[in-house]
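Novice: okay, predicted coordinates and the sequence, questions at the end:
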Amino acid sequence: MSLNPIAQSHDLGFLSFAQAETLSPHEATTRNPVIQVAGIRKSYGKNVAVDEVSFEVTDGEIFGLIGPNGAGKTTTMECVEGIRTPDRGSISVLGLDPFRDVYELQERIGVQLQQAQLQKRVKVWEAMHLWASLYRKKTAMGDELLEQLGLAEKRDAWFMTLSGGQKQRLFIAMALINEPEVVFLDELTTGLDPQARRAIWELVRGIRERGKTVFLTTHLMEEAERLCDRVAIIERGKVIDIDTPQRLIDRHCPERSVTLATDDPLAQEHLARIPRANGVERHESRFTIRGTGDGFVTDVIQCLSENRIKVTAFRTDLPNLEDVFLKLTGHSIRD
């Protein structure tokens, strides 16, 4: 199968951005691993940045290493890329050793660094043509990437005049110029406004849709939930759990809640009999029902329907990855 995002055809379908289906846990475990990390450790003096970290990234998935700033995400990624040498442990990327096979591997991966910068007065097309020449690619490929990533109109602009989102698009284009099989993205949307962030998410989905494997880091839990097929939660240099976002939520935070408002005098009696309900709290005419299981919200709706309970407000509160992080670590990711 060709892994070239451009050369398969000259249509500009690379960024059609149809919503990609996430991998099932079965698919994630049966696909071939393209990244294998086993027991790596990295210290800076007495400070242990990465402590016995192990995980695999499988072919064609978006895998996220998630956690707060300072958790060890970037150090781990840089070890996998071959930028930093771990004190111990083993790493394989596309069957290659990132340190022994560094030059061969560089031809097959694309990297966007967290602190990437270019000269202020380099023009967009100059940066792309330079990168193309480093990988012995035709400059036309750089021009085509600019077109596909929505930067054609900025072709003659200086780097310093680009917005944050435009700079990130340029860095993505530069990471794709060598037609990589694996793309590394480190804190790609940090500092971007919500609109620019969502546009970048669509670009990342577009990379995966063209047969690439994406390994990203982020401290934004919504970003991880929206993008990643699987995530590894890292805290203080240790990986504390790995799975799909939904399975992590179901395993660690199974409780859901429904808050509704009603003046029905028998509401509390009926709501308390909901099969999966763990409890009902009442404050005047507002009720909060807590329960577990995927069918809990449906049970609440069925109870309201069967007992003809008229509601004036209805809200569901479902757990997310931030709740999982809080449950596993005892503190918010923002603390």
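Specialist: Here it is on my side, so go on.
Novice: burial measure for Arg226, as a count.
Specialist: Neighbours of Arg226 under the rule other CB atoms under 10 Å: 15. Using the backbone N, CA and C atoms, a C-beta is placed for each residue, glycine as well.
Novice: which SSE is it in?
Specialist: helix 221-227 (DSSP states H and E).
Novice: and that helix, average pLDDT?
Specialist: Helix 221-227 comes out with an average pLDDT of 94.
Novice: next structured bit after that helix?
Specialist: strand 230-235.
Novice: state the mean pLDDT of that next one.
Specialist: Confidence for strand 230-235, expressed as mean pLDDT, is 96.
Novice: stretch 297-314 now?
Specialist: Mean pLDDT, stretch 297-314: 95.
Novice: for it, list every residue counted as buried.
Specialist: The neighbour-count check on stretch 297-314 (16 or more other CB atoms under 10 Å) flags Val297, Asp299, Val300, Cys303, Leu304, Ile309 as buried.
Novice: measure the fifth one to Thr259 for me?
Specialist: To tie it back to what came earlier, the one meant is Leu304. Distance of Leu304 to Thr259, given as CB to CB, to the nearest Å: 13 Å.
Novice: go on, the first one?
Specialist: Note on Val297: its distance to Thr259, by CB to CB, is 12 Å.
Novice: check the fourth one too.
Specialist: Here the criterion is CB to CB. By it, Cys303 lies 14 Å from Thr259.
Novice: name the residues of the strand or helix carrying Gly142 that are buried.
Specialist: Taking DSSP H and E as the definition, one finds Gly142 inside helix 139-148. Neighbour counts over helix 139-148 (16+ other CB under 10 Å) mark Met141, Gly142, Asp143, Glu144, Leu145, Leu146, Glu147, Gln148 as buried.
Novice: could you export these as a markdown table, including pLDDT and distance to Ser332?
Specialist: Output for these, formatted as a markdown table (pLDDT from 0 to 100; distance: CB to CB, whole Å):
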| residue | pLDDT | distance to Ser332 |
| --- | --- | --- |
| Met141 | 87 | 44 |
| Gly142 | 89 | 42 |
| Asp143 | 90 | 45 |
| Glu144 | 89 | 43 |
| Leu145 | 89 | 38 |
| Leu146 | 90 | 40 |
| Glu147 | 89 | 42 |
| Gln148 | 84 | 38 |
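Novice: out of the buried residues of stretch 297-314, which are inside helices?
Specialist: Val297, Asp299, Val300, Cys303, Leu304 (DSSP state H).
Novice: distance of the first one from Phe63?
Specialist: When CB to CB is applied, the distance between Val297 and Phe63 equals 30 Å.
Novice: follow-up on the earlier one: in a markdown table: the ones in helices among the buried residues of stretch 297-314, plus distance to Ala157.
Specialist: Converted to a markdown table, these look like this (distance: CB to CB, whole Å):
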| residue | distance to Ala157 |
| --- | --- |
| Val297 | 49 |
| Asp299 | 56 |
| Val300 | 54 |
| Cys303 | 59 |
| Leu304 | 56 |
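Novice: out of these, which one sits closest to Ala175?
Specialist: Val297 (40.8 Å; CB to CB).
Novice: look up how far Arg276 lies from that closest one.
Specialist: Using CB to CB, Val297 is found at 9 Å from Arg276.
Novice: same deal with Ala313?
Specialist: Ala313 sits 21 Å away from Arg276, going by CB to CB.
Novice: and stretch 93-106, C-alpha only, in CSV?
Specialist: What follows is stretch 93-106 as a C-alpha-only set of coordinates in CSV (Å, rounded to 0.1, in the frame of the first residue of the first chain):
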residue,chain,number,x,y,z
VAL,A,93,10.2,2.8,15.0
LEU,A,94,9.2,1.1,11.8
GLY,A,95,11.5,-1.7,12.8
LEU,A,96,14.5,0.7,13.1
ASP,A,97,16.5,1.9,16.0
PRO,A,98,16.1,5.7,16.2
PHE,A,99,19.8,6.1,17.2
ARG,A,100,21.6,3.4,15.2
ASP,A,101,19.5,3.8,12.1
VAL,A,102,19.0,7.6,12.5
TYR,A,103,19.5,8.6,8.9
GLU,A,104,17.3,5.8,7.4
LEU,A,105,14.6,6.6,9.9
GLN,A,106,14.7,10.4,9.2
